[in-house]
Structures are given as C-alpha cells and as structure tokens.
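Undergrad: Dropping the sequence and predicted coords here.
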Amino acid sequence: MNSSVAIGLLLYFVTHIIIWFQVNGQFVWPWAKDHPWTMSLLGFPISYILIIATKYIVVGFGGLLWPGRLVGFGSGMIVMAILTYCYMGEGISTKTLVSLALATTLVFIQVFWKA
C-alpha cells in the first residue's frame with residue numbers, strides 16, 4: 001500500500017467516525033438530540049476532509065475514482081458496525097457479520113489487489 005492510499009484510508013476512517021457521532025449522537029447524548037443545528041455544522045469539516053481523502057486515494061490509485069468509492073463505502077460499514085456496537089449495544093447478527101466481512105473484503109481487494 002502506498003502512502004497516498006494509506007493517508008486517504010486514514011482520512012476516510014476519521015470522517016466516518018465523525019459522521020457516526022454527528023448522525024447518531026442524538027441517541028447517545030441528550031445535548032446532541034437538543035441541538036441538531038449545531039451538530040449539522042460538522043458537515044463543513046467532514047466535507048473538506050472527504051475531498052482531501054478522495055484526492056489522496058485517486059492519486060494513490062493512479063487517477064482511478066472507483067477504488068476510492070469502494071474503499072469509502074467499506075470503511076464506513078466497518079466504522080458503523082464498531083461504533084454502533086460500542087455505543088448503542090447493538091449486537092452483530094449473522095447478516096451484519098456477513099456484510100462486514102464483505103465490506104472488509106472490498107477494502108482489501110481495492111487496497112492490495114494489483115491489477
């Protein structure tokens with residue numbers, strides 16, 4: 001994995017973590033539930049970081065857009081599963097486990113399969 005892909009992947013994971021708290025914080029903290037407009041202000045930094053992450057991913061994959069989309073999707077699924085389990089106590093059903101395995105496989109295919 002080259003450094004551009006590693007940086008882009010790290011930025012995708014960071015933004016998905018922020019997005020999880022932005023969208024689901026209302027179920028964790030009363031303050032977030034009572035201040036949706038304030039929580040929505042996180043949209044600007046999230047968008048900016050995603051733009052930068054996409055730039056790194058596209059450079060890392062030689063100008064291709066599809067790997068970034070698939071890596072972004074897969075990393076979002078992984079973050080969703082972990083944080084939803086940790087903060088909401090939602091267990092991982094067989095269906096979710098299979099979905100996570102597929103998402104993880106998708107990320108690994110894009111990052112490590114040399115075409």
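TA: Nice, I can see it.

Undergrad: Show me which residues of whatever helix or strand residue 98 lives in are buried.
TA: Per DSSP states H and E, residue 98 falls inside helix 94-112. Counting neighbours by 16 or more other CB atoms under 10 Å, one finds that the buried residues in helix 94-112 are 96, 100, 103, 106-107, 110-111. Any C-beta I mention is one placed from the backbone N, CA and C, and that applies to glycine too.

Undergrad: can you put these in JSON lines and add pLDDT and distance to residue 83?
TA: Shown next, in JSON lines, are these (pLDDT from 0 to 100; distance: CB to CB, whole Å):
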{"residue": "96", "pLDDT": "86", "distance to residue 83": "13"}
{"residue": "100", "pLDDT": "85", "distance to residue 83": "13"}
{"residue": "103", "pLDDT": "85", "distance to residue 83": "14"}
{"residue": "106", "pLDDT": "85", "distance to residue 83": "19"}
{"residue": "107", "pLDDT": "83", "distance to residue 83": "17"}
{"residue": "110", "pLDDT": "85", "distance to residue 83": "22"}
{"residue": "111", "pLDDT": "83", "distance to residue 83": "22"}
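
Undergrad: From those residues, pick the one nearest residue 19.
TA: residue 103 (15.5 Å; CB to CB).

Undergrad: Compute the distance from the centre of the lowest-mean-pLDDT helix or strand in the chain to the centre of its chain.
TA: Here the helix or strand of the chain ranked lowest by mean pLDDT, DSSP states H and E is helix 94-112, holding a mean of 87. Its chain's C-alpha centre lies 13 Å from the corresponding centre of helix 94-112 when counted by CA atoms, centre = their mean, to the nearest Å.

Undergrad: what's that helix packed up against?
TA: Judged by 3 or more CB pairs under 8 Å, 6 or more residues apart in numbering; DSSP states H and E, helix 94-112 is in contact with helix 3-24, helix 66-88.
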